[in-house]
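Undergrad: model this:
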Amino acid sequence: KGRREQQRYLLEGVRVVEDALDQGLQPEAFFLTPHRIDGTARGYALANRIRAIDVPIYELSERLLTLIADTETPSGVIAVAPLPAHLTELPRPWADGLSVLLLELVVSSEGSVDLFSPKVVRAGAGAHLRLELAPARPYEELAAWLAAWPQVVLADGHAEGTIYDVDWGLPTALIVSNEAHGASERLRDLSLTPARIPMAVATESLNVAAAAAIILYEGRRSFLRR
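TA: Next up, the predicted model:
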């Protein structure tokens with residue numbers, strides 16, 4: 001709620017903040033704990049880089065920085081960044097030769113995790129600045145948008161077909177969803193191509209991040225072999 005009201009989010013950690021600056025992001029402010037960030041050569045270089053930027057810098061004790069940070073042991077730097085402008089309309093379902101294999105757009109449905117929560121930003125490892133993001137889109141809008149794709153693949157551990165059976169040469173939208181409950185029934189009403197990752201018998205299912213990585217890797221490999 002605070003992120004929506006303030007239209008800002010936090011970037012935490014040396015690697016994430018360093019990458020954000022490399023990508024041209026202009027933070028609005030920084031929180032630093034000098035003895036923490038200056039403790040490594042990489043952190044020291046980033047701190048000097050930050051101090052050369054004409055934005056407010058707040059130096060805090062480690063205890064106070066911990067109150068702001070999402071990690072238990074922050075590395076000494078947090079940046080405040082403006083949320084990117086949300087898309088008023090989802091882009092055309094695919095451009096010439098564009099498919100999910102190039103992964104230029106990530107769309108989340110309403111009720112999904114906030115794409116700009118601290119854990120997601122850290123896990124993205126800079127991807128937020130390289131991809132176009134369309135968070136929390138209504139199901140009705142998503143359904144109409146997905147219906148225009150030549151192929152919509154649903155990652156489904158119970159599907160009969162596997163990811164090796166999918167024609168990854170087609171422009172494709174990939175749906176990944178909750179590990180325990182799967183995709184919403186509102187999305188299952190679409191014309192989908194369910195596909196599972198072949199797994200050893202009695203092997204537990206993968207979490208959604210691991211599954212998505214495997215599927216995208218196989219899709220890209222198959223696409224390039226063409």
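Undergrad: just the strands in this structure please.
TA: Ranges of strands within the chain are 8-12, 29-32, 57-59, 77-82, 105-109, 132-137, 151-155, 172-175, 193-195, based on DSSP state E.
Undergrad: Let me know the angle separating the fifth one from strand 132-137.
TA: I take that to be strand 105-109. Between the axes of strand 105-109 and strand 132-137, defined by axes from the mean of the first three to the mean of the last three C-alpha atoms, to 10 degrees, the angle is 10 degrees.
Undergrad: on contacts alone, who are the packing partners of strand 105-109?
TA: Applying 3 or more C-beta pairs under 8 Å, 6 or more residues apart in numbering; DSSP states H and E, we find strand 105-109 packed against strand 132-137, helix 139-146. Backbone N, C-alpha and C define where each C-beta goes, glycine included.
Undergrad: How about the contacts made by the nearest residue to residue 128 once chain neighbours are set aside?
TA: Leaving aside its sequence neighbours, residue 128 sits nearest to residue 121 (C-beta to C-beta, 6 or more residues apart in numbering; 6.1 Å). When contacts are counted by C-beta atoms under 8 Å, 6 or more residues apart in numbering, residue 121 is found next to 9-12, 16, 128.
Undergrad: Same check on residue 137?
TA: Applying C-beta under 8 Å, 6+ apart, one finds that residue 137 lies in contact with 90, 107-110, 145.
Undergrad: and with 10 Å instead?
TA: Applying C-beta atoms under 10 Å, 6 or more residues apart in numbering, one finds that residue 137 lies in contact with 86-87, 90, 107-110, 112, 143, 145.
Undergrad: okay if I get those residues as CSV plus pLDDT?
TA: Formatted as CSV, these follow (pLDDT from 0 to 100):
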residue, pLDDT
86, 72
87, 69
90, 81
107, 86
108, 85
109, 84
110, 85
112, 82
143, 86
145, 88
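Undergrad: closest to residue 56 among the residues you listed?
TA: Nearest to residue 56 among those: residue 86, at 25.6 Å, using C-beta to C-beta.
Undergrad: Against residue 189, how distant is residue 143?
TA: According to C-beta to C-beta, to the nearest Å, residue 143 and residue 189 sit 7 Å apart.
Undergrad: no wait, residue 161
TA: Distance from residue 161 to residue 189, by C-beta to C-beta: 19 Å.
Undergrad: now residue 88
TA: Taking C-beta to C-beta as the measure, residue 88 falls 25 Å from residue 189.
Undergrad: Likewise for residue 81?
TA: 37 Å.
Undergrad: Same check on residue 41?
TA: Residue 41 sits at a distance of 55 Å from residue 189 (criterion: C-beta to C-beta).
Undergrad: For the lowest-mean-pLDDT helix or strand in the chain, which residues meet the burial criterion?
TA: Least confident element among the helices and strands of the chain, by mean pLDDT, DSSP states H and E: helix 185-188 (a mean of 71). Neighbour-count burial for helix 185-188 flags residue 187 (criterion: 16 or more other C-beta atoms under 10 Å).
Undergrad: Fine by me, thanks again.
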